[in-house]
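Asks: got a sequence here, can you model it:
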Amino acid sequence: MAPGAAVGKPRQENHNNQGAHHKGVDIILARYAEVGLKSSGVRRYFESILLDNMLTALSAHGLEALINCEQGRIYITTDRIEESIPVLRRVFGVASISPALISDSAMEEMQKTAAEYSRTVLREGQSFAVKARREGNHPYKSMDVGREVGSAIFLANEDRGVRVDLTHPDVTFYVEVRDRKAYIFSEYLSGPGGLPMGSQGKVVASVETERDALAAWMLMKRGCRVFVSTSSEDGPAAILRAWDPRLKVFVGREVHKVLHDAKALATVHGYGIGDMDRVKGLSSRTPAFFPLIGMTEAEIDERLGTIRST
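Replies: Numbering: from 1, shown residues only. Here you go, the predicted structure:
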C-alpha cells in the first residue's frame, strides 16, 4: 500500500505531561527513525510496509483509520484516538507518536487553538515552554511562533499562576507548522522503533520460555517476520501476539519443519552467555541468531518487563 493511500526525527518521550487526556484532539502524528536514513526508494518501500502494519494492528482491535505519509510524518485520522494510541505504540518502525490538534497556520488561529488546548493540560502553578518548527513559506519565523503562541498560553492561564521556563518546564507545547496547517501537541509517546516488520527476511523462533519470546521480539524489531515453534500456544509465545496480530504459531511442530514450510532463512533462540553448551550443541543447516548473548540478566529482565507491559 503506497504512502498517502487511505487505509522523522525521533525525540524522547515527554514525561512532564503524564496523565494528560486526549479529548478534543484531532489527529495522531507518528514518526519513524531508522527508516528516514534510507535512500528515497527504499524509504518509500519501508513507509508502505509501515503504513500497512499500522492499519493491520488497528484493524485487529476493531479500529478504523485513514493514514497517509508526507515528508517523513505519518498522519492517522480516527474517531477513536484514545484506543488507537496503545496499539500504534506497539508497531515496529514507529519511533514516537503525538496526539495533536489541527489549526490553520495563521498566527491568530494558532494562538487561539493553543490557548484553548493549554487549559486542558496546564495545572495550577506549572511552568511551560513552547517549541516551534515549520516547513513552507510563512510571514513569520519559528521564533515568532514560539513567542506569540507562548504569550497566548500565558494569558489564557494567568489565573492559575503559570510561568514560563525555557530550561526545565513542567510542560512543553510543540507547534509544527506545515504549509497551511499547524499541529499543536504536548506529548511525545515512545514506540518500539526499529524497522517495519516484514521489511527483512523470515525467521523461525523456538519459544518455550520468556527469554525465547524476547529473542523473537528483538528480531521482529529488526524487521523480520517471525514464525513461532512452540509446545503450547498459551505459553510465552502469547507475549508476541500483542506485537504481531498476524503472528503464526505452530504448536508441536519441529523447528526444521517450520523452517521448510515458512521458507524462512534463519532461526532465533533465547540462549545467553551462560548457555554456551546449548549453543555449541545446536545443529542447523541455516544461520542461527542469539540476540540475548551479550545481555546481562538485569537487562533481560528489564526488557521483558517492557514488552509485557507496553
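Asks: apart from its chain neighbours, what residue comes closest to Arg241?
Replies: Leaving aside its chain neighbours, Arg241 sits nearest to Leu247 (5.4 Å; criterion: Cβ to Cβ, 6 or more residues apart in numbering). In this view, the C-beta of every residue, glycine as well, is placed from N, C-alpha and C.
Asks: surely Arg178 and Asn137 touch.
Replies: No: with contacts counted by Cβ atoms under 8 Å, Arg178 stays clear of Asn137, the gap being 11.5 Å.
Asks: more neighbours, the two?
Replies: Neighbour comparison, Arg178 and Asn137: the larger count goes to Arg178, with 16 against 6 (by other Cβ atoms under 10 Å).
Asks: mind checking the SS state of Phe154?
Replies: What DSSP: H, G, I helix; E, B strand; the rest coil gives for Phe154 is helix.
Asks: residues in contact with it?
Replies: Phe154 makes contacts with 162, 164, as judged by Cβ atoms under 8 Å, 6 or more residues apart in numbering.
Asks: domain ranges for this protein, per the record?
Replies: 15-190, 202-309 (automatic domain parsing).
Asks: and those as TSV, adding mean pLDDT and distance to Pro196?
Replies: Output for the domains of the chain, formatted as TSV (pLDDT from 0 to 100; distance: least, Cβ to Cβ, whole Å):
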stretch	mean pLDDT	distance to Pro196
domain 15-190	92	4
domain 202-309	90	6
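Asks: from Gln126, how far off is Ala237?
Replies: Distance of Ala237 to Gln126, computed by Cβ to Cβ, to the nearest Å: 44 Å.
Asks: which one's more surrounded, the two?
Replies: Applying other Cβ under 10 Å to Ala237 and Gln126 shows that Ala237 carries more neighbours, namely 25 against 18.
Asks: that one contacts Phe227, correct?
Replies: No: if you go by Cβ under 8 Å, Ala237 and Phe227 don't touch, sitting 10.7 Å apart.
Asks: hmm, Leu247 is touching Arg225, no?
Replies: No: judged on Cβ under 8 Å, Leu247 makes no contact with Arg225 at a distance of 9.2 Å.
Asks: need the residues touching each of the two.
Replies: The contact lists of Leu247 and Arg225 share no entry, where a contact means Cβ under 8 Å, 6+ apart.
Asks: picking up where we left off before, run a quick neighbour tally on the residue nearest to Arg241.
Replies: For Leu247, the neighbour count with other Cβ under 10 Å is 18.
Asks: residues in contact with it?
Replies: By Cβ under 8 Å, 6+ apart, the contact set of Leu247 is 226, 228, 237, 240-241.
Asks: same deal with Thr286?
Replies: For Thr286, the contact set (Cβ under 8 Å, 6+ apart) comprises 259, 264-267.
Asks: roughly how far apart are it and Lys263?
Replies: Per Cβ to Cβ, Thr286 is found 11 Å from Lys263.
Asks: could you pull out the helices in this protein for me?
Replies: 40-60, 81-88, 107-121, 142-156, 210-221, 238-241, 255-262, 276-281, 297-309 (DSSP state H).
Asks: now the fourth one against helix 107-121, angle please.
Replies: In this structure, helix 142-156 runs at an angle of 50 degrees to helix 107-121, with axes from the mean of the first three to the mean of the last three Cα atoms, to 10 degrees as the basis.
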